[in-house]
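**Q** sequence and predicted structure, then a few things I'm wondering about:
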Amino acid sequence: MTHGTLLIVDDEPGMRESLVEHFSARGFRVLGAATGGEALADGVY
């Protein structure tokens, strides 16, 4: 069951990946981006 979608934006790859794993394991659909610009350019907003 998916609880919803989260967007994680963090310029530290290790932190971003850790958060993506953490919330994915708890049933969230998680999208990650290194910067706000990257999230917008990829249409992940």
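**A** Right, received. Where do you want to start? Residues are numbered from 1 along each chain as shown.
**Q** can you pull out the strands in the chain?
**A** 4-9, 28-33 (DSSP state E).
**Q** any weak-confidence spans in this structure?
**A** Scanning the chain for pLDDT under 70 picks out 44-45.
**Q** would you map the helices across it?
**A** Using DSSP state H, the helices found in the chain span residues 13-25, 36-41.
**Q** make JSON lines out of the ones you listed and add mean neighbour count.
**A** For every residue, glycine as well, the C-beta is placed using N, CA and C. Formatted as JSON lines, the helices of the chain follow (neighbours: other CB atoms under 10 Å):
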{"stretch": "helix 13-25", "mean neighbour count": "13"}
{"stretch": "helix 36-41", "mean neighbour count": "12"}
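**Q** to H3, which of those lies closest?
**A** Distance to H3, taken as CB to CB, is lowest for helix 13-25 among the helices of the chain, at 8.6 Å.
**Q** alpha carbons only: can I get that closest one in PDB?
**A** Coordinates of each C-alpha in helix 13-25 appear next as PDB, following Å, rounded to 0.1, in the frame of the first residue of the first chain:
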ATOM      1  CA  PRO A  13      23.800  12.200  -2.400                       C
ATOM      2  CA  GLY A  14      24.200  10.000   0.800                       C
ATOM      3  CA  MET A  15      21.600  11.900   2.700                       C
ATOM      4  CA  ARG A  16      19.200  11.900  -0.300                       C
ATOM      5  CA  GLU A  17      19.600   8.200  -0.900                       C
ATOM      6  CA  SER A  18      19.200   7.400   2.800                       C
ATOM      7  CA  LEU A  19      15.900   9.400   3.000                       C
ATOM      8  CA  VAL A  20      14.700   7.700  -0.200                       C
ATOM      9  CA  GLU A  21      15.400   4.300   1.200                       C
ATOM     10  CA  HIS A  22      13.800   5.100   4.600                       C
ATOM     11  CA  PHE A  23      10.500   6.400   3.200                       C
ATOM     12  CA  SER A  24      10.300   3.800   0.400                       C
ATOM     13  CA  ALA A  25      10.600   1.100   3.000                       C
END
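**Q** now do the same contact list for A41.
**A** Neighbour list for A41: empty [criterion: CB atoms under 8 Å, 6 or more residues apart in numbering].
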